[in-house]
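**Q** Here is the input, now give the coordinates:
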Amino acid sequence: MNIPQVTQGVLQGHTDVQLELTLTQLYSVTRVCAGVAMRQVRDAAHESRVHRCPDDLDAVQVNVWEVNVAEGGSGELERLAWTVGDGTAMVGLEKAVCRIGVGHKVRLTLQDEMTLPDIPAEIPAGEELSSTELTLDVELVAHERGPGDKVSLSAEQKLARGEELKQRGTALFAAGRLGRAEAVWAQGVSLFNVLMAEDAFGGASSKTRQDNQRQHDAQVPLLLNTALCKLKRGAWAEAAIDCTEVLDLQPKNAKALFRRGKARMETGEWLEAERDLKRAQQCDRAVRAEVAAQLRELAKRMTAQDKKDMAELGSLFEKGEVYSAADVAPPPKPKPKQTPVQIPSLQEEFENIAEEEEDVALRRKQDWYNSMIRTGQMRLITSDAEEAELDAADDEWVPPS
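**A** Predicted coordinates:
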């Protein structure tokens with residue numbers, strides 16, 4: 001893929017220059033993940049078509065040219081074919097391919113570990129990943145759908161895939177590639193987040209329940225491994241969450257209790273950490289020595305913190321600054337004095353009250369009459385003739401038999 005190089009220059013001795021520019025290509029740059037940047041030519045006709053991007057276990061064929069950025073040229077074409085997720089392709093290349101459709105052409109810049117595949121796990125001798133950068137032109141040529149995602153895979157397929165990811169992560173961990181090991185194990189954890197539905201009233205077959213239990217059991221070591229990686233990179237809260245998920249499945253798992261206790265020590269949850277460590281000691285005698293060492297470290301930290309708190313509190317007492325002005329509530333404002341009411345004449349006061357009560361009663365009676373007239377339950381007679389007419393109507397009225 002030919003991508004034009006942009007050069008910058010300075011026109012000497014010119015203060016007024018007119019240029020005619022033609023936009024030939026428009027690029028979009030996407031940061032796929034850490035260490036992977038993708039530059040793609042924007043093509044409206046191409047973008048209008050719907051493309052299905054490759055997914056895990058799909059087969060792909062890709063044309064790749066290595067680019068020499070300094071010289072501005074591309075190397076020879078190389079046709080690569082692999083199954084997504086099998087670990088044989090460069091990690092960054094596979095992540096980018098899973099973002100494009102057939103016929104798409106992109107330029108990738110890969111850095112550090114993204115330039116290596118997962119298999120083999122070992123870092124090539126004499127290579128320093130921190131200074132590695134690779135530029136590739138990539139075109140997705142063919143894409144064939146695989147057996148499906150974690151929703152459509154059978155229990156046996158997921159168990160086999162989970163075991164494969166667990167072994168691959170173990171090899172990466174042993175090679176010192178902790179970031180990739182954690183990512184691969186996390187992929188295995190996600191695989192078992194979808195299980196077959198079980199009827200709460202016993203409608204599901206015993207095989208379904210057994211398959212789900214086997215998947216739970218397969219997920220536990222993967223969660224423990226991701227927790228270990230997170231502990232090593234200092235993600236204490238995330239490690240504790242993974243351990244809690246294990247304990248939801250296996251409440252007496254000593255490794256999960258021990259690792260959650262270590263994580264909680266670092267987040268300052270010392271009472272919870274002590275409880276987890278002691279429970280781990282009770283659940284598995286094999287970890288007693290490690291737990292005892294961790295409990296001693298916990299006791300040292302708690303003692304040191306107590307001394308620090310006492311020293312700070314003592315200095316505050318000496319300065320008389322135990323409480324700041326903001327901590328002390330202001331005194332309540334005094335209530336204003338109430339002037340007593342003076343009544344010159346009780347008789348006149350009683351008469352005024354009686355007049356006010358009569359006015360209120362009169363207004364209520366007027367309101368009642370008005371409401372009766374509005375609803376037709378009472379009629380207002382305005383003349384003697386009208387009264388006589390109403391009396392005659394009453395005389396002619398005959399009650400029903």
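**Q** For the residue positioned nearest the centre of the chain, report the pLDDT, please.
**A** Geometric centre of the chain, nearest residue: Glu238, 12.1 Å, by Cα atoms, centre = their mean. With respect to pLDDT, Glu238 scores 97.
**Q** which helix of the protein spans the most residues?
**A** Ranked by residue count, the top helix of the chain under DSSP state H comes out as helix 288-319.
**Q** picking that back up, skipping adjacent residues, who's closest to the residue nearest to the centre of the chain in space?
**A** Among residues not flanking Glu238 along the chain, Lys230 sits closest, at 4.8 Å (Cβ to Cβ, 6 or more residues apart in numbering). Where you see a C-beta, it was placed from the backbone N, CA and C, and this is true even at glycine.
**Q** quick check: mean pLDDT across the helix or strand containing the one you found?
**A** Secondary structure assigned from DSSP states H and E places Lys230 in helix 206-232. On average, the pLDDT along helix 206-232 is 94.
**Q** buried stuff in the next helix or strand after it?
**A** Downstream of helix 206-232, the next assigned helix or strand under DSSP H and E is helix 236-249. Within helix 236-249, the residues that qualify as buried by neighbour count (16 or more other Cβ atoms under 10 Å) are 236, 238-243, 245-247.
**Q** Let me see the ranges of the helices in the protein.
**A** Using DSSP H, helices in the chain cover 44-48, 91-97, 155-174, 178-191, 206-232, 236-249, 254-266, 270-283, 288-319, 346-374, 384-396.
**Q** Dump these to JSON lines, plus distance to Pro147.
**A** Shown next, in JSON lines, are those (distance: least, Cβ to Cβ, whole Å):
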{"stretch": "helix 44-48", "distance to Pro147": "29"}
{"stretch": "helix 91-97", "distance to Pro147": "18"}
{"stretch": "helix 155-174", "distance to Pro147": "7"}
{"stretch": "helix 178-191", "distance to Pro147": "13"}
{"stretch": "helix 206-232", "distance to Pro147": "17"}
{"stretch": "helix 236-249", "distance to Pro147": "26"}
{"stretch": "helix 254-266", "distance to Pro147": "32"}
{"stretch": "helix 270-283", "distance to Pro147": "39"}
{"stretch": "helix 288-319", "distance to Pro147": "42"}
{"stretch": "helix 346-374", "distance to Pro147": "81"}
{"stretch": "helix 384-396", "distance to Pro147": "95"}
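**Q** now Phe258: how far from Lys307?
**A** Remark: distance between Phe258 and Lys307 (Cβ to Cβ, to the nearest Å) = 27 Å.
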